[in-house]
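> please find the sequence and the predicted model below.
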Amino acid sequence: MAGIVFNKASGLNDSIYGKSQEPIKLMVEQGIEAFQAYSIVDNVFMMDETSNYAEKYTSETALGDFEAVGEGGAYPRNTFQEGFSKVIEPEEWKNSFEVTQQMIEDSKMGKIKQRANQFTLAYNRGREKFATSLLNSGTSTSINFGKNNASFNIAAADGKALFATDHPSITGGTSAQSNYFGNAFSYDALSYVEEAMQKFTDDDGNILNVMPDTIIIPANARIKKQVFDVIGADSGAPGTANNSFNVQFGRWNVIMSPYLTNASGITSGTDSWYLMDSSFNEAYAGLVWLERVALTIKSYVDENTDNNVFKARSRYGAAPNNWRAIAKVNPGLGTVLS
């Protein structure tokens, strides 16, 4: 995540308010940094920064393979073609909080810290809810988000929903591909979805060597138990008397979020889950989080209330680009693998 810019309003430096600004700033910064260790934003998205109003993410199709041409044969002439592209435009986000003059005069640092902590939570919560909305609503191409019901295009670069059974090829070099499956989490399901992702191809049908390494789940006790029952033992197929080596042991990063939800209509007693190749996500800009302006906080004294008002704004955007980095598994909704 980009840094935090904290500006003191003119005339406050020598006031009683000015003396409180540095500790408030520290409280905000520490809270945001601590949150990053558990963040979907920082652990799932490819983080990028820009100085432009928008950025375009694209790819190129594969170059043709080397050919046997015989002694003295001519070099084959192969070309690249631009693949599907996605433009991401950062949105402006704002909030504010106040510290009363009485709090400062009475040295109520506990209450001031509480206000700063509430602000930090609101900032982090908003980012997390926006990030996870791309996963929760990933079978749609748009969402309405927040109290203002702002509309966002969350289609992947190919114009399809991030999670779809019919991702097209721009060259026509391969049939439609799916990253949307319907298995409840289990040892077998994990193996089947992993295999399906390893067979993802580029637009010309070349295997991409996608190697999923991350399991993303809602913070529900039910699926946490299922996941760690499967990947937490080095021998034995979970739930059976089979004592063979567990090929899923020790191979996965697990990311959990309370903001991930079940899709409506899925089988009762099951949860949605995701597999992601974190290296592919970084290399090919799968899920992109674009920072335009770091969190900037300005402070002024409201003449009507004598309160010290802290205004905060940032500009960021997020969208899926290359769907191949991640797969969603909605039990009962996607294609069942076996």
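Nice, I can see it. Numbering: from 1, shown residues only.
> the strands in this structure, which residues?
Using DSSP state E, the strands of the chain run over residues 4-7, 46-49, 55-57, 86-88, 91-99, 142-145, 150-153, 180-181, 214-218, 253-257, 273-276, 287-301, 308-320, 326-329.
> pick the most buried one from those strands.
Looking across those with neighbours counted as mean count of other CB atoms under 10 Å, the highest average goes to strand 326-329: a mean of 27. Backbone N, C-alpha and C define where each C-beta goes, glycine included.
> what is that one packed up against?
strand 180-181, helix 187-198, strand 273-276 (3 or more CB pairs under 8 Å, 6 or more residues apart in numbering; DSSP states H and E).
> between the second one and strand 214-218, how big is the angle?
It refers to helix 187-198. Angle of helix 187-198 versus strand 214-218, following axes from the mean of the first three to the mean of the last three CA atoms, to 10 degrees, is 120 degrees.
> what mean pLDDT does helix 187-198 get?
Helix 187-198 carries an average pLDDT of 94.
> can you give me the buried ones in that helix?
Neighbour counts over helix 187-198 (16 or more other CB atoms under 10 Å) mark 187, 189-190, 192-194, 196-197 as buried.
> and that helix, how far from the chain's centre?
21 Å (CA atoms, centre = their mean, to the nearest Å).
> who touches it?
178-179, 181, 183, 207, 209-212, 215, 230-231, 237-239, 246-248, 275, 277, 324, 327, 329, 337-338 (CB atoms under 8 Å, 6 or more residues apart in numbering).
> Throw the buried residues of helix 187-198 into CSV and include distance to T305, thanks.
Formatted as CSV, the buried residues of helix 187-198 follow (distance: CB to CB, whole Å):
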residue, distance to T305
Y187, 61
A189, 57
L190, 57
Y192, 61
V193, 56
E194, 58
A196, 59
M197, 56
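> in helices, which of the contacts of helix 187-198 fall?
230-231 (DSSP state H).
> rewinding a little: turn the helices and strands packed on strand 326-329 into JSON lines, columns for distance to A312.
Below are those laid out as JSON lines (distance: least, CB to CB, whole Å):
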{"stretch": "strand 180-181", "distance to A312": "37"}
{"stretch": "helix 187-198", "distance to A312": "39"}
{"stretch": "strand 273-276", "distance to A312": "31"}
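> between the ones you listed, which gets nearest to E98?
Closest to E98 of those, according to CB to CB: strand 273-276, at 39.5 Å.
> now for that closest one, which elements pack on it?
Secondary-structure packing of strand 273-276 (3+ CB pairs under 8 Å, 6+ apart): helix 187-198, strand 214-218, strand 326-329.
> out of the strands of the chain, nearest to N117?
strand 91-99 (10.3 Å).
> returning to that earlier point: what's the closest of the helices and strands packed on strand 273-276 to M256?
Of all those, strand 214-218 comes closest under CB to CB, at 5.6 Å.
> the closest one to strand 253-257, inter-axis angle?
Going by the same axes, to 10 degrees, strand 214-218 makes 20 degrees with strand 253-257.
> all further residue positions should be reported with the first residue as 29.
New numbering, starting at 29: the last item is strand 242-246.
> adjacent strands (with direction) for strand 242-246?
Partners of strand 242-246 in the sheet, by DSSP bridges, are strand 281-285 (parallel), strand 301-304 (antiparallel).
> now the shortest one, how far from the centre of its chain.
I take that to be strand 301-304. The answer for strand 301-304 is 12 Å, by CA atoms, centre = their mean.
> if we can go back for a sec, same list (the helices and strands packed on strand 301-304) but as a markdown table, adding distance to E110.
What follows is the helices and strands packed on strand 301-304, written out as a markdown table (distance: least, CB to CB, whole Å):
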| stretch | distance to E110 |
| --- | --- |
| helix 215-226 | 24 |
| strand 242-246 | 29 |
| strand 354-357 | 22 |
